[in-house]
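Student: Test case, fold it:
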Amino acid sequence: MYICMCNGYTDKDIAAAVNTGGAATAEDAYAALGNGFCCGACRDCAEDLVADLTETSTGNPVAARTVLLAAE
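Tutor: Below you'll find the predicted structure:
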C-alpha cells in the first residue's frame, strides 16, 4: 500500500527501513529511503506504521488493540 505519494514510498519500503535499516521514527525511515516529508499528508500514517513496527520488533505486546470479528 502506498503511504507517501510524493516520494512513492510503500508500507514495505518503510518496514524495510525500520526492520533492516534500524529506523526508529518516521523521519529516520524517510531519511534512510533518501528523502524527507514533502507535503506532509502521509506523516500521521507513516508515524503510526513505524510505531506499530517498532512495538512488534522490540517484543512489546500489541494486545491493547481491539480486534473486530464478523458475526456469523
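
Student: rest of the way, CA atoms for contacts and neighbours
Tutor: Fine.

Student: Enumerate every residue touching the residue nearest the centre of the chain.
Tutor: Compute the mean C-alpha point of the chain, and by Cα atoms, centre = their mean the closest residue is L49, 2.5 Å away. L49 is in contact with D11, counting by Cα atoms under 8 Å, 6 or more residues apart in numbering.

Student: Which of the helices or strands spans it?
Tutor: Here L49, judged by DSSP states H and E, is contained in helix 43-57.

Student: Can you mark which positions in that helix are buried?
Tutor: By neighbour count with 16 or more other Cα atoms under 10 Å, helix 43-57 contains the buried residues 43, 46-47, 49-51, 53-54.

Student: Kindly provide the distance from the residue nearest to the centre of the chain to A17.
Tutor: For L49, the distance to A17 (Cα to Cα, to the nearest Å) stands at 11 Å.

Student: now the helices for the chain?
Tutor: 11-19, 26-33, 43-57 (DSSP state H).

Student: nearest to C4, of those?
Tutor: Closest approach to C4 among these (Cα to Cα): helix 43-57, 8.0 Å.

Student: Now do the closest one against helix 11-19, angle only.
Tutor: Helix 43-57 and helix 11-19 are oriented at 50 degrees to each other (axes from the mean of the first three to the mean of the last three Cα atoms, to 10 degrees).

Student: Least confident of the helices of the chain, on average?
Tutor: Ranked by mean pLDDT, these bottom out at helix 43-57, which scores a mean of 89.

Student: Dump that one to PDB, restricted to CA.
Tutor: Presented in PDB, the C-alpha positions along helix 43-57 are these (Å, rounded to 0.1, in the frame of the first residue of the first chain):
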ATOM      1  CA  ARG A  43       3.100  11.900   8.200                       C
ATOM      2  CA  ASP A  44       0.400  10.500  10.500                       C
ATOM      3  CA  CYS A  45       0.100   7.200   8.600                       C
ATOM      4  CA  ALA A  46       3.900   6.900   8.400                       C
ATOM      5  CA  GLU A  47       4.300   7.600  12.100                       C
ATOM      6  CA  ASP A  48       1.600   5.100  13.000                       C
ATOM      7  CA  LEU A  49       3.200   2.400  10.800                       C
ATOM      8  CA  VAL A  50       6.700   3.000  12.300                       C
ATOM      9  CA  ALA A  51       5.200   2.900  15.900                       C
ATOM     10  CA  ASP A  52       3.500  -0.400  15.100                       C
ATOM     11  CA  LEU A  53       6.600  -1.900  13.600                       C
ATOM     12  CA  THR A  54       8.900  -0.800  16.500                       C
ATOM     13  CA  GLU A  55       6.400  -2.200  19.100                       C
ATOM     14  CA  THR A  56       6.400  -5.500  17.400                       C
ATOM     15  CA  SER A  57      10.100  -5.700  16.700                       C
END
